[in-house]
Structures are given as C-alpha cells and as structure tokens.
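Trainee: Sequence first, then the predicted structure, then my questions.
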Amino acid sequence: PLSVGSIQFGIGAMYAALVWATGLRTLPKVSSLTLVTFVGLCHCSGQLFSMLSFNAGTVSFTHIVKAMEPFFSALVSALVVGKWMKPQVYATLVPVVSGVGYACMKERAFSFIAFITAMMSNVAFAFRAVASKQAMSSLGLSSANLFGLVTWVAFLISVPMAFVGEGWSGFVDMWKSATTTVLAEDGSAVAVAATISNKDLIRQIIVSGLLHYLNNEVMYLALSNVHPVTLAVGNTMKRVFIVIASVIVFRTPITIQVGIGSAIGIGGVLLYSLTKQHYEALEKAEAAASAGKRKKR
C-alpha cells in the first residue's frame, strides 16, 4: 500500500508540473516553505494511513472509523484557530457520523491495526484541512496551486517511506501476486478474476492516481470557500456515495440498514448546514448591532 500510495502521489505531482509547464496555471511563488511542507506531511500521512487501514481491515470498517473525521476537524480547528462554534452546531455532527457509520457497517470484523491507522488518518487530515486554510489566506495561494505544491511535498516524503516500509523486493512481490494467475494441482487456473495483466494494472494505477489528485483538488477548491468542519462533513457524506457507487458498479444489493443510515446521515448534513447558518446570522446581527451602538457613542 505504501508503494502504490507513493506512485499515486507521483502521478499527481507530474500532473501539477504539466499544468504549470504549459502555462495553464501560473507557477506559484511560495513565501513560507515551512507551512507548505507541514501541509504536505499531513497529506502524505493521512493518505498512507488510510491505505494501510484498507490493507489491514475491510473497506466498510475503515469507512466506519473515518466517519468520525468531523469530530477531529472540529477539535483541531477549535484548538489551532481558537474559534469555537456553538455547542448546538457541534451536536448536529452526531447524526452525520452515526448515520454514515451505521450505513457502512456491513461487516463487523474488527482489526486493531485498521482502527489505529484509520484514526491516525483522521488526525492527519484534520490538521491538513486547518493548515491548508491558513496557508491559502496567509500565503496568497490559490487552492489549485497550493494542492499542487502539497502533492509534490507528499510525493517526496512518501518515496523514502515506501522504500523503508516495503522496499523494492516487497513492491515486486506485491506486483507479482496481483498479476500472477494461481494454478490448481490439476493445472487449471483458479482465482482468475482476482488477477489482471501488467498493462491493466499499470493503467488502473495511473487512472487512480489522476482521480485521487483531481478529487483532492476539488476538495481544496471547496475548502477555500467553507469552514474545515464543513468540509469534513462533506467528506463523511462521501462515504454514503461510495456505498451507492458500489451498488451500481458491483451490483451489490442495498439493505434497509444502508437506506436508514444514509437517510440519517443526509438529514444530519442538512441539520448541520441550517444550524451553522442560523448561528452565523445571529453573530453577524449581534456584531452589526454592537458596531451601531459604538457609532452612536
């Protein structure tokens, strides 16, 4: 998983370099490498921890744990930025997280490694969102250019991590296991569906790398316009759409549990948005009233 994650970062980095080289985007000027490097480290850590979690446990279990991302984003945002939202707003995160977790809870297999790595991914992504928001405002970088720089930092950090964690021999062994057909004792092929050709595997890794980059670039565009906690809520709801996509692509039958959990999660998102807008409007009204009183004095 570390090697594949590093390759995906590399594909994204090449894409970013291409759009800068062709002039489609202006080459960014960075005034603080420290902040960009920190965001890149968080991005790299969060993604690699996620892949380790997927590798150690089931996909549904990892999504259940990662559904708690809004809580981590709310905590980190409050502690780092120092701005707390109303308790009523935080309370609306409960149905979002619990609904998505319930919808994704198809398998109850518990893996301690998958749990720990998924939790560490939540922490890393929470810091990434808050630090990225600060970088956009303090460094004057666009969301797309910032993510391009962050991807390059993540790629450069992930390469030595992949070599230390898996090594070239480990990567070769995993590649062979994915592309080699297992033969039964009578010589007939078994588990053919689980193997693909080298060409198809290369194509899938390239496509996944591009999709991973573009997905996160859109996420950064959203982050430039919303609060980090709002972004975390959106990422949590994305897990419901992953379930729906699996139903369409893999023809997995949807259960009543998935329907109920999805409805609770979506309702929680709506409740979060309305509650947050309500208290933001009250704060603006109070600030305007306070400013009016000072002018009269």
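Mentor: Arrived safely.

Trainee: Does anything pack onto the helix or strand harbouring Ala126? Which helices or strands?
Mentor: Per DSSP states H and E: Ala126 is located in helix 112-139. Packing partners of helix 112-139 (3 or more CB pairs under 8 Å, 6 or more residues apart in numbering; DSSP states H and E): helix 33-56, helix 59-66, helix 69-81, helix 143-165, helix 198-223, helix 228-249. Using the backbone N, CA and C atoms, a C-beta is placed for each residue, glycine as well.

Trainee: Export the third one to PDB, keeping only CA atoms.
Mentor: This means helix 69-81. This file holds the C-alpha atoms of helix 69-81, laid out as PDB (Å, rounded to 0.1, in the frame of the first residue of the first chain):
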ATOM      1  CA  GLU A  69     -13.400  12.800  10.800                       C
ATOM      2  CA  PRO A  70     -15.800  15.800  11.500                       C
ATOM      3  CA  PHE A  71     -15.100  15.400  15.200                       C
ATOM      4  CA  PHE A  72     -11.400  15.600  14.700                       C
ATOM      5  CA  SER A  73     -11.700  18.500  12.400                       C
ATOM      6  CA  ALA A  74     -13.900  20.400  14.900                       C
ATOM      7  CA  LEU A  75     -11.400  19.700  17.700                       C
ATOM      8  CA  VAL A  76      -8.300  20.700  15.700                       C
ATOM      9  CA  SER A  77     -10.000  23.700  14.200                       C
ATOM     10  CA  ALA A  78     -11.000  25.000  17.700                       C
ATOM     11  CA  LEU A  79      -7.600  24.300  19.300                       C
ATOM     12  CA  VAL A  80      -5.500  25.700  16.500                       C
ATOM     13  CA  VAL A  81      -7.600  28.600  15.200                       C
END
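
Trainee: From the contact counts, what lies against that helix?
Mentor: If contacts are counted by 3+ CB pairs under 8 Å, 6+ apart, helix 69-81 sits against helix 93-104, helix 112-139, helix 228-249.

Trainee: cool, the first one as well?
Mentor: With contacts defined as 3+ CB pairs under 8 Å, 6+ apart, helix 33-56 has these neighbours: helix 2-21, helix 59-66, helix 112-139, helix 143-165.

Trainee: and Ala287, which of these is closest to it?
Mentor: Ala287 lies closest to helix 112-139 among the helices and strands packed on helix 33-56, at 19.8 Å (CB to CB).

Trainee: quick one: that closest one to helix 69-81, angle?
Mentor: 40 degrees (axes from the mean of the first three to the mean of the last three CA atoms, to 10 degrees).

Trainee: Next, the buried residues of helix 112-139.
Mentor: For helix 112-139, the neighbour count (16 or more other CB atoms under 10 Å) marks 114-115, 117-136, 139 as buried.

Trainee: what is the orientation angle of it with helix 143-165?
Mentor: Here the directions of helix 112-139 and helix 143-165 differ by 140 degrees (the same axes, to 10 degrees).

Trainee: Quick one: mean pLDDT for helix 112-139?
Mentor: Across helix 112-139, the average pLDDT comes to 85.

Trainee: go on, stretch 147-165?
Mentor: Rounded mean pLDDT across stretch 147-165 is 89.

Trainee: How far does it sit from its chain's centre?
Mentor: Put simply, stretch 147-165 sits 16 Å off its chain's centre (CA atoms, centre = their mean, to the nearest Å).

Trainee: neighbouring contacts of it?
Mentor: With CB atoms under 8 Å, 6 or more residues apart in numbering as the test, stretch 147-165 has contacts from 2-3, 5-6, 9-10, 12-13, 16-17, 19-20, 25, 28, 30, 36-37, 39-41, 43-44, 47-48, 132, 141, 171, 213, 216-217, 220.

Trainee: If any of those are buried, give me the ChimeraX selection for them.
Mentor: To isolate the buried members of the contacts of stretch 147-165 in ChimeraX, using 16+ other CB under 10 Å:
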select :2,3,5,6,9,10,12,13,16,28,30,36,37,39,40,41,43,44,47,48,132,141,171,213,216,217,220
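
Trainee: Kindly reformat the helices and strands packed on helix 33-56 as CSV containing distance to Ile248.
Mentor: Formatted as CSV, the helices and strands packed on helix 33-56 follow (distance: least, CB to CB, whole Å):
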stretch, distance to Ile248
helix 2-21, 24
helix 59-66, 16
helix 112-139, 25
helix 143-165, 28
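
Trainee: For Ala74, which of the ones you listed is the nearest?
Mentor: Comparing the helices and strands packed on helix 33-56 by CB to CB, helix 112-139 comes nearest, at 8.5 Å.

Trainee: any idea of the angle the closest one forms with helix 198-223?
Mentor: Using the same axes, to 10 degrees: helix 112-139 against helix 198-223 is 50 degrees.
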